[in-house]
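# heads up, no residue letters with this:
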């Protein structure tokens, strides 16, 4: 159900369900395919259904590495920090956001942004705060949290 809300919210020409919890969107006139995955998080008497945007791109080098990117600043966003979880430390310099990528990521309400290198492929996993659903049993309610027009255009630009 969350993917159907997201399909209407994104208003993309090429968006199709590939399984019960996954969909595929095509961007940039067919040059970029984005997998969208529903992921449920259980909490006491409620759960959230988050959507994760997954990009798989060829890499120019072999190796294995894992990175997490997040906003810096306690009250206001002042930058983006890239933290390496594993792999070759020389790859960290490649992932410091700058220029157009930094401008696209700064206004986004991103919950998680993870980048992995495995063999000769980059895998980017971006989980946005919008495009998710909150479902509660006590009191009983279900609410979709839409992507605002600014967040939608920022998300598509970042991808």
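Yep, it's here. Being a predicted model, the structure only gives us computed values, none of them experimental.
# check which helices and strands the worst-scoring helix or strand of the chain on mean pLDDT sits against.
None of the helices or strands of the chain scores lower by mean pLDDT, DSSP states H and E than helix 99-105, at a mean of 80. Packing partners of helix 99-105 (3 or more CB pairs under 8 Å, 6 or more residues apart in numbering; DSSP states H and E): helix 149-158. C-betas here are computed from N, CA, C, even on glycine.
# tell me which other helices or strands the helix it packs on touches.
Against helix 149-158 (3+ CB pairs under 8 Å, 6+ apart) you get helix 2-10, helix 99-105, strand 121-128.
# can you mark which positions in that helix are buried?
Under the neighbour-count criterion of 16 or more other CB atoms under 10 Å, helix 149-158 has 151-152, 154-156, 158 buried.
# again with stretch 115-129
Applying 16+ other CB under 10 Å to stretch 115-129 flags 115-117, 122-128 as buried.
# just stretch 72-85 next, same as before
So, applying 16+ other CB under 10 Å, buried residues of stretch 72-85: 80, 82.
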